[in-house]
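> okay, predicted coordinates and the sequence, questions at the end:
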Amino acid sequence: MYSVKHVISQLSGVEKNHILLSYNLIFLFFVQICFDSYINGMPLVNSFILFLIFSPSILNR
């Protein structure tokens, strides 16, 4: 089994930066959704479904 750290350490600098940037974007997006749902009173389940829908498109960019 390869750990995530091992896989990332095998990548070149550009790929590593791209992957880390993608995960940072997803994390910020998720925080934003949670914050919005908290303010608007939207159930967290809905925002999590939105997150699952949008995260692949962020990763593939």
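Sure thing, it's come through.
> Ile39 - how many residues pack around it?
8 (other Cβ atoms under 10 Å). From N, CA and C alone the C-beta is placed, and that goes for glycine too.
> also Ser22?
15.
> how close does it get to Phe29?
10 Å (Cβ to Cβ, to the nearest Å).
> on the pLDDT front, check Tyr38 for me.
Per-residue confidence (pLDDT) for Tyr38: 73.
> please identify which helix or strand holds it.
Under the criterion of DSSP states H and E, Tyr38 resides in helix 13-40.
> in terms of secondary structure, what does that helix contact?
Judged by 3 or more Cβ pairs under 8 Å, 6 or more residues apart in numbering; DSSP states H and E, helix 13-40 is in contact with helix 4-10, helix 44-60.
> so which bits of it are buried?
Within helix 13-40, the residues that count as buried by 16 or more other Cβ atoms under 10 Å are Ile26, Phe30, Ile33, Ser37.
> any weak-confidence spans in the protein?
1-2, 4-9, 11, 42-47, 55-61 (pLDDT under 70).
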